[in-house]
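>>> with the input below, show me the fold.
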Amino acid sequence: MWLIACFCLLALVGSLEAPRQPAIDAFIDEMAAKHGFDKSELQAAFARTRSQKAIIELMDRAVEPKPWDEYRNLFVNPEKLERGERFWRDHDRALGLARERYGVPEEIITAIIGIESNYGRHVGRFNVLEALATLAFDYPRRSGTFQLELEHYLLLAREEGVIGLESTRGSYAGAMGIAQFMPGSYRRYAIDFDGDGRRDLLRSAEDAIGSVANYLTAHGWQSDQPVAAPVQILGDATEPFQSSPLSTRYRLEELKALGVEAPGVYAGDARVIPVKLSKRVDTEYWLGFDNFYVITRYNQSTYYAMAVHQLAAELRQRVEANAAAAP
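This is a model prediction of the structure:
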């Protein structure tokens, strides 16, 4: 039985490794022609990479839905709040400067960093080059996307002294650092916010703070505008919530006419995204405003954006309450 298992494992590894070489060779040729990379250096680097079946399994598992309350508890919990308050306190100056410069509140930036990397504690255990190569050459469903990210990663390693081509660790999808930026986002939106002349999202919390704010602003963040609001459903007005993609917008007055009640004062012509949060025993209904959509540009999931919103709201309440109680 052990010999059979070993043979099957070797066959599996071989099936992953063999088809990838022509694609890697073509990619190296393109990088040399397009960007002037040394072919022999890239060939040596890729020769040391191995296809990781575990990464492909994690990618497939990531699309499996969880009930909202289970998902929420992963990110909105006492540990995240305690560490988030400490992160806010430790980086109050940088967070305040990011709010002034970009209009993104401290709690939103802190919540995103908390969810992405637990405030810099968990930045990923996978070799980024190996992860991107696995997804670029052994994951046909999204190979085009990850070949582009691999291209950005090679350019990033050449441009930024803080990125080690074969040593940097990140997520199974290739996201890196305190803010978990993909290589393309790193190159486009990372900024030097601590003034040391480098864009270091691997080690600098200040650079991560400024870069998150810059990313959100570049994607349309609106200062002093709402993110999301819970609603009550009167009668049978759930139709807009059943399969609403992020690109589908309704005017708030349209939903009100159907029997959707949103507490609070919002403009009737505001365009909103109906959001359905399915829990283990019941369902919550929310409306996402423009800033909610902006958060989904970081991670294209309504659950992710709602977790950011709710963690941010609780962080703001906690920080203000503790500041008021301080002598």
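>>> so which residues of the stretch 101-250 of the chain form helices?
106-117, 128-137, 143-159, 183-189, 205-218 (DSSP state H, counting those that start in this stretch).
>>> between the second one and helix 143-159, how big is the angle?
For helix 128-137 against helix 143-159, the angle between stretch directions is 150 degrees (axes from the mean of the first three to the mean of the last three C-alpha atoms, to 10 degrees).
>>> related to what we said a few turns ago, could you point out which of the helices of the stretch 101-250 of the chain sits nearest M306?
M306 lies closest to helix 106-117 among those, at 11.0 Å (C-beta to C-beta). For glycine as for every other residue, the C-beta is placed from the backbone atoms N, C-alpha and C.
>>> contact partners of that closest one?
Under the criterion C-beta atoms under 8 Å, 6 or more residues apart in numbering, residues 75, 80, 83-84, 87-88, 92, 95-96, 98-99, 119-120, 123, 175, 177-180, 205, 208-209, 212-213, 216, 227, 295, 298, 304, 307-309, 311-313, 315-316, 319 lie in contact with helix 106-117.
>>> can you select the buried ones from those in PyMOL?
This is how PyMOL selects the buried members of the contacts of helix 106-117, with burial counted by 16 or more other C-beta atoms under 10 Å:
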select buried, resi 75+80+83+84+87+88+95+98+99+119+120+123+175+177+178+179+180+205+208+209+212+213+216+227+295+298+304+307+308+309+311+312+313+315+316+319
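>>> for V265, see how far away S243 is.
Going from S243 to V265 by C-beta to C-beta, to the nearest Å gives 29 Å.
>>> those two - which one has more neighbours?
Between S243 and V265, counted using other C-beta atoms under 10 Å, S243 has the larger neighbour count: 9 against 5.
>>> and the more buried one, how far from D192?
43 Å.
>>> ok, now R203?
Per C-beta to C-beta, R203 is found 13 Å from D192.
>>> residue ranges with poor pLDDT in this structure?
1-19, 63-64 (pLDDT under 70).
>>> pull the longest strand from it.
Ordering each strand of the chain by length in residues (DSSP state E) puts strand 271-278 first.
>>> that strand pairs with which strands?
For strand 271-278, the pairing partners within the sheet under DSSP bridges are strand 250-251 (antiparallel), strand 283-288 (antiparallel).
>>> arrange the ones you listed in a markdown table, one row each, with mean neighbour count and distance to D38 as further columns.
As requested, these are arranged in a markdown table below (neighbours: other C-beta atoms under 10 Å; distance: least, C-beta to C-beta, whole Å):
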| stretch | mean neighbour count | distance to D38 |
| --- | --- | --- |
| strand 250-251 | 16 | 54 |
| strand 283-288 | 20 | 47 |
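>>> and those: which comes nearest P67?
Within the strands paired with strand 271-278, the stretch nearest P67 is strand 283-288; the backing value is 10.0 Å (C-beta to C-beta).
>>> after the closest one, next one along is what?
Using DSSP states H and E, the helix or strand that follows strand 283-288 in sequence is helix 290-295.
>>> thinking again about what came up before, show me how far the longest strand of the chain is from its chain's centre.
Centroid separation between strand 271-278 and its chain, computed with C-alpha atoms, centre = their mean, to the nearest Å, is 20 Å.
>>> one more: stretch 90-104?
With C-alpha atoms, centre = their mean, you get 20 Å for stretch 90-104.
>>> go ahead and name everything in contact with it.
By C-beta under 8 Å, 6+ apart, stretch 90-104 touches 88, 105-106, 109-110, 193-194, 205-206, 209-210, 212-214, 216-217, 221-224.
>>> switch to 6 Å and redo it
P105, E106, I109, A205, E206, I209, G210, A213, L216, T217, W221, S223 (C-beta atoms under 6 Å, 6 or more residues apart in numbering).
>>> among those, which pair sits farthest apart?
A205 and S223 (22.5 Å).
>>> so after the host helix or strand of L58, what's the next helix or strand?
For L58, the host element (DSSP H and E) is helix 53-61. Going down the chain from helix 53-61, the next helix or strand is helix 68-75, by DSSP H and E.
>>> run the chain-centre distance for whichever helix or strand comes after that next one.
Under the assignment DSSP H and E, the closest C-terminal helix or strand after helix 68-75 is helix 78-90. Mean-position distance between helix 78-90 and its chain equals 19 Å (C-alpha atoms, centre = their mean).
>>> then helix 78-90 to CSV, C-alphas only?
Provided in CSV are the C-alpha atoms of helix 78-90 (Å, rounded to 0.1, in the frame of the first residue of the first chain):
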residue,chain,number,x,y,z
PRO,A,78,-12.4,40.1,20.5
GLU,A,79,-8.8,39.3,19.4
LYS,A,80,-9.1,41.4,16.2
LEU,A,81,-10.6,44.3,18.1
GLU,A,82,-7.9,44.2,20.8
ARG,A,83,-5.1,44.0,18.3
GLY,A,84,-6.8,46.5,16.1
GLU,A,85,-7.0,49.1,18.9
ARG,A,86,-3.3,48.5,19.7
PHE,A,87,-2.4,48.9,16.0
TRP,A,88,-4.4,52.1,15.8
ARG,A,89,-2.7,53.5,18.9
ASP,A,90,0.8,52.5,17.7
